[in-house]
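Colleague: this is the structure alone, sequence omitted:
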């Protein structure tokens, strides 16, 4: 498994956290999504190794209207 730490520029409310978590889990190879309970703009996404990851994660966040950056892999 690999984990990527992503920072979303926007602060998400509880509903957005739930919606984004659900959408990210739909991405092939994503196995887990964990938002920081105190800071809803930081998220850890766990995925099975695959060429091209984590680009699909960033694309999904962008399609949902968020601006995100990979902090670390």
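Modeller: Nice, thanks for sending it over. Bear in mind that the values here come from a model prediction, so they are computed numbers and not experimental data. Numbers count the residues shown, from 1 in each chain.
Colleague: in the chain, which spans are helices?
Modeller: Assigned by DSSP state H, the helices in the chain fall at 14-25, 55-63.
Colleague: let me see the mean pLDDT of the first one.
Modeller: The reference is to helix 14-25. In this model, helix 14-25 has a mean pLDDT of 96.
Colleague: what's the offset of that helix from the middle of its chain?
Modeller: Helix 14-25 sits 9 Å away from the centroid of its parent chain (Cα atoms, centre = their mean, to the nearest Å).
Colleague: can you tell me which helices and strands that helix packs against?
Modeller: strand 30-35, strand 42-47, helix 55-63 (3 or more Cβ pairs under 8 Å, 6 or more residues apart in numbering; DSSP states H and E). The way it works is simple: take the backbone N, C-alpha and C, and place the C-beta from them, glycine included.
Colleague: out of those, which gets nearest to residue 72?
Modeller: Within the helices and strands packed on helix 14-25, the stretch nearest residue 72 is strand 42-47; the backing value is 9.9 Å (Cβ to Cβ).
Colleague: can you give me the distance of the residue of the chain positioned farthest from its centre to residue 28?
Modeller: Residue farthest from the centre of the chain, counting by Cα atoms, centre = their mean, is residue 51 at 17.0 Å. Taken as Cβ to Cβ, to the nearest Å, the spacing of residue 51 relative to residue 28 amounts to 12 Å.
Colleague: what's the answer for residue 3, then?
Modeller: For residue 3, the distance to residue 28 - Cβ to Cβ - is 17 Å.
Colleague: before we move on, what about residue 17?
Modeller: Counting by Cβ to Cβ, the separation of residue 17 from residue 28 is 22 Å.
Colleague: who has more neighbours, the two?
Modeller: Legend: neighbour count by other Cβ atoms under 10 Å for residue 17 and residue 28, higher for residue 17 (18 against 9).
Colleague: residue contacts, residue 69?
Modeller: Contact partners of residue 69, counting by Cβ atoms under 8 Å, 6 or more residues apart in numbering, are 6-7, 9, 58.
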